[in-house]
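Peer 1: what follows is a predicted protein model with its sequence.
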Amino acid sequence: MSDTTSVTIRQIHPLFVGEVEGVDLTRPLSPEEVQAIERGMDRYAVLVFRGQNITDEQQAAFSRNFGDLERPGAASNITKPEDRRLGPEIADISNLDKQNNRFGRDDRQRFFNLGNQLWHSDSSFKPIPAKYSALSARAIPSIGGNTEFADMRAAYDALDEATKAEIEGLICEHSLIYSRGLLGFEVTEEERANFRPVRQSLVRTHPVSGRKSIYLSSHIGGIVGWPRPEAMAFIRDLIEHATQREFVYAHQWRQYDLVMWDNRQTMHRARRYNDIGETRDMRRTTVAGDAPTAEQVPEEQVA
Ligand code: OGA
Ligand code: MN
């Protein structure tokens, strides 16, 4: 294989996360650069690119090197199409409305967005969940607002053998109704229909490395065949295990950082900041996955 790129990756956490140098994401990438980044993703699961002053179009073009992009529509948000601030391929992870004003304390969109502070994997509530997410920091608050990542491969490896055997083959139900419900957020009937639960395997195997990971998310609201309270107590326990400090990297943002993560191998969450008084403008592109992780309920059995 040719080795003609200047891309270098340095691991910055004992278990995962690489910091990438020698690549300008605002320009079209060579096939060698794309391959180096993809290999880095397979290995480190989270990649940090510093100093990338990128436009939405450039971010979308960069992300498309790794697959088709998800379009964040009614299935993943409560924003009406006419209220969207950004284009159809960009998930708005800011605290800004369409007029670039910060959401007020009692704004329903703000309540919904607070769900990002719960550990999750992006689009685990879609039948074919996300592969990569790329988050670009256009404006950051002066304090707070870190993003934390947890390595679900390391979390899997650290389980005892009995638990590994117990979770093998389990299927979970994921929906935005469940993660938002944890915060007391109530969805409308229309939103409920958009957020119908989907099924995902609780154990996933990475297609390249062959490593297993626990596919956890706060979007989980049940385990197929289990009584609900027992399922929720178990999932809570697994999330607690999987997010112990040794498995976690906390990213402290600088303006123009771009961080890309593999949703199949990690969970992440936003940390608090003063979203009433300071602007945090983050924009996400999401690379779609290529296959479901479990069989869905046949349409005719859905109530
Ligand atoms: C996301 C997300 C966390 C953050 O972009 O998917 O969860 O810190 N972001 O904004
Ligand atoms: Mn997210």
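Peer 2: On my side now, so go ahead. Ligands and ions are numbered 1, 2, ... in the order given.

Peer 1: can you list the residues of the stretch 51-200 of the chain near ligand 1?
Peer 2: For the stretch 51-200 of the chain, the residues in contact with ligand 1 (C-beta under 6 Å from any ligand atom) are 93, 116, 122, 133, 135, 147. C-beta here means a position set from N, CA and C on the backbone, and glycine is covered the same way.

Peer 1: the spatially closest residue to the second one that is not a sequence neighbour: neighbour count?
Peer 2: Across the structure, with C-beta to C-beta, 6 or more residues apart in numbering as the measure, the residue nearest N116 apart from its sequence neighbours is A270 (4.4 Å). Neighbour count of A270, defined by other C-beta atoms under 10 Å: 22.

Peer 1: which residues touch A270?
Peer 2: Counting by C-beta atoms under 8 Å, 6 or more residues apart in numbering, A270 touches 93, 116-117, 145-147.

Peer 1: and for I177?
Peer 2: Neighbour list for I177: 187, 191-192, 195, 197, 221 [criterion: C-beta under 8 Å, 6+ apart].

Peer 1: same thing but at 10 Å, please
Peer 2: Applying C-beta atoms under 10 Å, 6 or more residues apart in numbering, we find I177 in contact with 125, 185-187, 191-192, 194-197, 219, 221.

Peer 1: mind checking how far it is from ligand 1?
Peer 2: Distance of I177 to ligand 1, given as C-beta to the nearest ligand atom, to the nearest Å: 17 Å.

Peer 1: in space, what's closest to F66 - neighbours in sequence excluded?
Peer 2: V287 is the one closest to F66 (C-beta to C-beta, 6+ apart), at 4.7 Å.

Peer 1: my guess is that neighbour meets N263, correct?
Peer 2: Yes. Taking contacts as C-beta atoms under 10 Å, V287 lies within contact range of N263: 8.9 Å.

Peer 1: shared neighbours, the two?
Peer 2: Residues touching both V287 and N263 (C-beta under 10 Å, 6+ apart): 122, 130-133.

Peer 1: would you format these as a markdown table with neighbour count, secondary structure and pLDDT included?
Peer 2: Output for these, formatted as a markdown table (neighbours: other C-beta atoms under 10 Å; DSSP: H, G, I helix; E, B strand; the rest coil; pLDDT from 0 to 100):
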| residue | neighbour count | secondary structure | pLDDT |
| --- | --- | --- | --- |
| D122 | 27 | coil | 98 |
| A130 | 23 | strand | 98 |
| K131 | 21 | strand | 98 |
| Y132 | 23 | strand | 98 |
| S133 | 23 | strand | 98 |
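
Peer 1: adding distance to S179, write those residues out as TSV.
Peer 2: Formatted as TSV, those follow (distance: C-beta to C-beta, whole Å):
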residue	distance to S179
D122	12
A130	15
K131	20
Y132	20
S133	16
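
Peer 1: can you count the residues close to E278?
Peer 2: E278, neighbours per other C-beta under 10 Å, totals 16.

Peer 1: alright, that wraps it up for me.
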